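**Student:** Starting from these lines, generate the structure:
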Amino acid sequence: MPENIYTLLNSIYTYKSKDIVVAFDLFNEICLPINMEFFNKYIYDKLKNDEDYTKFINTHMYHNYFSGEESKLLIYKSHMRIKSNEENNVFLCNLKEITDLFVCDFIHNYYNFFTKTKEENIHNKSK
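**Tutor:** Sure, this is the predicted structure:
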């Protein structure tokens, strides 16, 4: 099932600009809105004491001079986007603690569905 979700979301991600209305409608049919307040507070509470972390409205940034990690988390009503030079970045590590969260990386053909226990987590690279 998660592979089917990934395949569907990837097809929406790769829609041509002329089909953006269809892609937008399809995305809204299969995805629930994100509780922006919850996720903003959750990430802020986890990282507020880290000197490498900054936040501005719905944008969270992490720049660690020692490890070289540069990551940005943008929280939208429809999705969250992480831009990072690290695959296992600070934001993804913290989001793993939240259950029932589906994470996709369309560039590297990766998805993960975080569930209640680590044993139930589905971690896969799409074929």
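**Student:** and Lys125, what pLDDT?
**Tutor:** Confidence at Lys125, expressed as pLDDT, is 48.
**Student:** just Lys16 next, same as before
**Tutor:** pLDDT, Lys16: 80.
**Student:** What does it show for phi and psi?
**Tutor:** With angles defined as degrees, to the nearest 10, Lys16 sits at phi -80, psi 150.
**Student:** what's near enough to touch the residue nearest to Tyr65 when sequence neighbours are not counted?
**Tutor:** Excluding the flanking residues, the one nearest Tyr65 by Cβ to Cβ, 6 or more residues apart in numbering is Asp52, at 7.5 Å. Yep, even glycine has a C-beta here, placed from its N, CA and C like the rest. Residues in contact with Asp52 (Cβ atoms under 8 Å, 6 or more residues apart in numbering) are 62-65, 69.
**Student:** Strands - which of the residues you listed land there?
**Tutor:** Of the contacts of Asp52, the ones assigned to strands by DSSP state E are 62-63.
**Student:** which ones are touching Ile5?
**Tutor:** Neighbours of Ile5 in contact, by Cβ under 8 Å, 6+ apart: 30, 102, 111, 113.
**Student:** what is the third one paired to in the beta sheet?
**Tutor:** To tie it back to what came earlier, the one meant is Tyr111. Beta bridges link Tyr111 to Cys104, Asn124 when assigned by DSSP bridges.
**Student:** Just give the number of residues close to it.
**Tutor:** Neighbours of Tyr111 under the rule other Cβ atoms under 10 Å: 22.
**Student:** returning to that earlier point: so the residue nearest to Tyr65 versus Asn94, what's the distance?
**Tutor:** 13 Å (Cβ to Cβ, to the nearest Å).
**Student:** Same check on Lys41?
**Tutor:** Using Cβ to Cβ, Lys41 is found at 12 Å from Asn94.
**Student:** Could you pull up phi and psi at Lys72?
**Tutor:** Torsion angles at Lys72 (phi, psi; degrees, to the nearest 10) stand at phi -140, psi 130.
**Student:** and if you look at Glu97?
**Tutor:** Dihedral angles (degrees, to the nearest 10) for Glu97: phi -80, psi -10.
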